[in-house]
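J.: could you work out the structure for the sequence below:
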Amino acid sequence: MNDFVDLDDQDEEAAAIAVEKTGFLPIHTNGFDRGFIAVVCLIAIHLFWMRFVESYLSIYVATAISVVLGYFIIRKG
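T.: Below is the predicted model of the structure:
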């Protein structure tokens, strides 16, 4: 009675079936990673904006840019 299962064969089959999502980010990411990167970009944009641009344009413009960039990172990253 030979009831052994070859797990190496199953791993190779699963790897062949799995489709890797490729995006523009140079690292392998999941949804949480892309969300975290989007939040870090939001903070960086706002800090830059408050230091250099706020006297010319409202901070709401930076928020709009950050939301669009964050959406793009999360969806396409």
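J.: please enumerate the strands of this protein.
T.: Read by DSSP state E, the chain holds no strands at all.
J.: what segments of it are helices?
T.: 7-17, 31-48, 59-76 (DSSP state H).
J.: need these in a markdown table (columns: mean pLDDT and distance to L25).
T.: No exception for glycine: its C-beta is placed from N, CA and C like everyone else's. Output for the helices of the chain, formatted as a markdown table (pLDDT from 0 to 100; distance: least, Cβ to Cβ, whole Å):
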| stretch | mean pLDDT | distance to L25 |
| --- | --- | --- |
| helix 7-17 | 66 | 22 |
| helix 31-48 | 96 | 7 |
| helix 59-76 | 96 | 8 |
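J.: pick out the residue nearest the middle of the chain.
T.: Taking Cα atoms, centre = their mean, the centroid of the chain lies closest to R34, which sits 2.0 Å from it.
J.: now it. Nearest residue, chain neighbours left out?
T.: G77 (4.4 Å; Cβ to Cβ, 6 or more residues apart in numbering).
J.: that'll do, ta.
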